[in-house]
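S.K.: can't give you the sequence, but here's the structure:
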C-alpha cells in the first residue's frame, strides 16, 4: 500500500497495485477536463472542438459523465456525454439532440480507474520545477483498435492528460482540479433527451467516444 499527496490534485488517497493493472487511481473522482479535438468530416474538410468540461468517474459502477460547453468552429455547444461500461452503451447529447451507440469495452474490464495491464510505459518524466515539480508516467495502449496515450501521476496514478486517435482525427485532453468522491450520483443518470429523438450531427458521431474515461 502506498499513500502519497500531490499538489496538483487536492486530495490524498491510497493506491493499490494489482496484478491485473499497472496502477490504479481513486475509484470515484470528479474534476475538469480541457479538450481540443480535430476531425475530418466526410473526407472533405476538418472541424475543431475545444472546451472546458466537468467530468465524473465512478469505477464502482463503471460509468463516466461529462457535461458542459465547448466551441465547435467558433460556435458554443452544450453537451452531455454518459459512457456506461456496465451496459456497453454511450449517450451523447449536443444542443438537445441525442445519439445512443454501443460502447467498446474499456481495456481493463471493471477498472476504469486503472491503467490496463498490457499498457506500455513509454516515458517517465515530470512537470514543473523545484517544490512544484511532480513526476508522471506516460502509458500507451489500444482502445477499440485505436492508440491511446495516457499520462498519470507516478505512484498515485491520478490522470493528468491523454492523447487519442479517432476514426477521422485526434483528441487531446488535460485533467485538472481533481477531487476524490462523487458529490451528486445523479450525474450518472441517462440524459433525459435520450428518451426522445436520437439524431445528431456527423461531427458529433465522430467525437462520441472521445475519452478513455
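M.R.: Good, I have the coordinates. Since we're looking at a predicted model, the values are computed, not measured.
S.K.: Would you map the helices across the protein?
M.R.: Here the chain has its helices, by DSSP state H, at 202-207.
S.K.: in it, what secondary structure element scores lowest on mean pLDDT?
M.R.: Every helix and strand of the chain was ranked by mean pLDDT, DSSP states H and E. The lowest is strand 12-15, at a mean of 32.
S.K.: Run through the protein and note the low-pLDDT ranges.
M.R.: 1-21, 41-46, 108-110, 196-213 (pLDDT under 70).
S.K.: From the centre of it, give me the residue that's furthest out.
M.R.: Using Cα atoms, centre = their mean, the residue of the chain lying farthest from its centre is residue 130. It sits 29.2 Å away.
S.K.: isn't residue 114 right up against residue 57?
M.R.: No: contact criterion Cβ atoms under 8 Å: residue 114 and residue 57 do not qualify, at 11.4 Å. In short, each C-beta sits where N, CA and C put it, glycine included.
S.K.: more neighbours, the two?
M.R.: Legend: neighbour count by other Cβ atoms under 10 Å for residue 114 and residue 57, higher for residue 57 (27 against 24).
S.K.: what sits against that one?
M.R.: For residue 57, the contact set (Cβ atoms under 8 Å, 6 or more residues apart in numbering) comprises 28-30, 63-64, 112-113, 213.
S.K.: Same list (the residues you listed) but as JSON lines, adding distance to residue 37 and neighbour count.
M.R.: What follows is the contacts of residue 57, written out as JSON lines (distance: Cβ to Cβ, whole Å; neighbours: other Cβ atoms under 10 Å):
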{"residue": "28", "distance to residue 37": "26", "neighbour count": "19"}
{"residue": "29", "distance to residue 37": "22", "neighbour count": "24"}
{"residue": "30", "distance to residue 37": "22", "neighbour count": "20"}
{"residue": "63", "distance to residue 37": "22", "neighbour count": "22"}
{"residue": "64", "distance to residue 37": "17", "neighbour count": "23"}
{"residue": "112", "distance to residue 37": "21", "neighbour count": "22"}
{"residue": "113", "distance to residue 37": "23", "neighbour count": "22"}
{"residue": "213", "distance to residue 37": "15", "neighbour count": "22"}
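S.K.: so which pair among those residues is furthest apart in space?
M.R.: Distance extremes for the contacts of residue 57: the farthest pair is 30 and 112 at 13.4 Å, using Cβ to Cβ.
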